[in-house]
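Trainee: what's the 3D shape of this:
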Amino acid sequence: MSPAQPVRRAAEHVLSVHGGDVVYEILGDAGELIVLTPGGRYGKDIPGLRPLAQALVAGGYRVLLWDRPNCGKSHVQFYGETESHMRAETLRAMLTALDIGPCILAGGSGGARDSMLTAMLHPELVTRLVLWNIVGGVFGTFVLGHVYAVPTLRALQGAGMAGVVDVREWRERIAANPSNRDRLLSCDEAEFRKVMLRWLNAFVVKAGQTIPGVDDALFDNIRVPTLIIRGGENDLNHPKRTSLEVSCLIRGSTLVDPPWPEDAWEQASQALAQGRAERFNLFDTWVQAAPMILDFLRG
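Mentor: Numbering: from 1, shown residues only. Predicted structure coming up:
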């Protein structure tokens, strides 16, 4: 195998979308399809995601796991109003090419935002929506701007695209798919800066945007049954208030308390910061939502 090619499992497939490879796999042999999306720039193999997928398959569904652009083994890509807009367009193109829509969208944290935006922009592709750990509030939104854009922009400012490839996050994307190094280095510096500044602007808190970079008016496009698992009581990244606001914006949505401890995200974040992530990963608790998700989908 060429050193520029990522190592893939037999179950993984690749689809070219807008000039970039997207790696995905489908679990299960029968049943309605659920597209399951994690948060952050984490890929489909992030610990905690697959147990939830397997529980949903055991409940009679198929589950599509995918490495979104800039995640996992997929190619890095930089276009669109925000990174979530880019991913919504990627998912639309994938479902159309695979001829497997409409389907259920389910996601947590950034995956919730990607799922909501897909339902807003391409409502014909969605039958039901399941959301949890919805990011919002001043702290959660500002943190994302720092995580997703600031280190990259600072590296770009100091050393151009050669500096960008040394940013930890992009080093990880290169390690997972070596061809990403050339993709990054070949980016036009001025255009890349323009995109990253536009993506950063999405995380500047604005009136009329309950979730980052998305006007509240777009929630009117979501007309499908929606389950919202609210954020934890003191979760600054995924505030309870944001979940309540989103439940008001999505007409007829169902809001439920989380099945995991109110401080689950805080516990995981602390473990991660202290180097104890092997004991409690950010998404370890998500499998606990499987029974309520299945009940909602069967209802």
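Trainee: Just the terminal-to-terminal distance for stretch 87-107.
Mentor: Stretch 87-107 has its terminal residues 13 Å apart, counting by Cα to Cα, to the nearest Å.
Trainee: please renumber so the chain begins at 268
Mentor: That works, and once the first residue is 268, the last one we named lands at stretch 354-374.
Trainee: Just the CA atoms of the helix-or-strand element of the chain with minimal mean pLDDT, as PDB, please.
Mentor: Of all helical and strand segments in the chain, the minimum by mean pLDDT, DSSP states H and E falls on helix 531-540, at a mean of 82. Once non-C-alpha atoms are left out, helix 531-540 reads as follows in PDB (Å, rounded to 0.1, in the frame of the first residue of the first chain):
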ATOM      1  CA  ALA A 531     -21.000  13.400  33.200                       C
ATOM      2  CA  TRP A 532     -19.300  15.900  30.800                       C
ATOM      3  CA  GLU A 533     -17.500  17.600  33.600                       C
ATOM      4  CA  GLN A 534     -16.200  14.300  35.000                       C
ATOM      5  CA  ALA A 535     -15.000  13.200  31.500                       C
ATOM      6  CA  SER A 536     -13.400  16.600  30.900                       C
ATOM      7  CA  GLN A 537     -11.600  16.500  34.200                       C
ATOM      8  CA  ALA A 538     -10.400  12.900  33.500                       C
ATOM      9  CA  LEU A 539      -9.100  14.000  30.100                       C
ATOM     10  CA  ALA A 540      -7.300  17.000  31.500                       C
END
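Trainee: List the buried residues in the next helix or strand after that helix.
Mentor: Note on helix 531-540: by DSSP states H and E, the next helix or strand toward the C-terminus is helix 557-565. For helix 557-565, the neighbour count (16 or more other Cβ atoms under 10 Å) marks 557, 559-561, 563-564 as buried. Just so you know, the C-beta spots here come from the backbone N, C-alpha and C atoms, and that holds for glycine as well.
Trainee: same deal with stretch 462-473?
Mentor: 462-463, 465-467, 469-470.
Trainee: which residues touch the spatially most central residue of the chain?
Mentor: The chain has residue 378 as the residue nearest its centroid, 2.8 Å off, counting by Cα atoms, centre = their mean. Going by Cβ atoms under 8 Å, 6 or more residues apart in numbering, residue 378 touches 303-306.
Trainee: could you redo the last one with a cut-off of 6 Å?
Mentor: By Cβ atoms under 6 Å, 6 or more residues apart in numbering, the contact set of residue 378 is 304-306.
Trainee: Across the sheet, point out what pairs with the closest residue to it other than its chain neighbours.
Mentor: Counting by Cβ to Cβ, 6 or more residues apart in numbering, residue 304 is the residue found nearest to residue 378 once chain neighbours are left out, at 3.3 Å. Beta bridges link residue 304 to residue 374, judged by DSSP bridges.
Trainee: my read: residue 304 touches residue 373, true?
Mentor: No: using Cβ atoms under 6 Å, residue 304 is not in contact with residue 373; the gap is 7.2 Å.
Trainee: Which parts of stretch 297-309 count as buried, going by neighbours?
Mentor: Judged by neighbour count (16+ other Cβ under 10 Å), stretch 297-309 contains these buried residues: 300-309.
Trainee: Of these, just say which sits nearest to residue 409.
Mentor: residue 307 (15.5 Å; Cβ to Cβ).
Trainee: any idea how far that closest one is from residue 338?
Mentor: 8 Å (Cβ to Cβ, to the nearest Å).
Trainee: now swap in residue 447 and tell me
Mentor: Counting by Cβ to Cβ - residue 447 and residue 338 are separated by 11 Å.
Trainee: How about residue 417?
Mentor: 19 Å.
Trainee: neighbour count winner among those two?
Mentor: residue 338 (25 against 13; other Cβ atoms under 10 Å).
Trainee: For that one, grab phi and psi.
Mentor: Torsion angles at residue 338 (phi, psi; degrees, to the nearest 10) stand at phi -130, psi 150.
Trainee: Spit out the contact partners of it.
Mentor: 308, 310.
Trainee: residue ranges for the strands of the stretch 418-566 of the chain, please.
Mentor: In the stretch 418-566 of the chain, the segments counted as strands under DSSP state E, counting those that start in this stretch are 493-496, 521-523.
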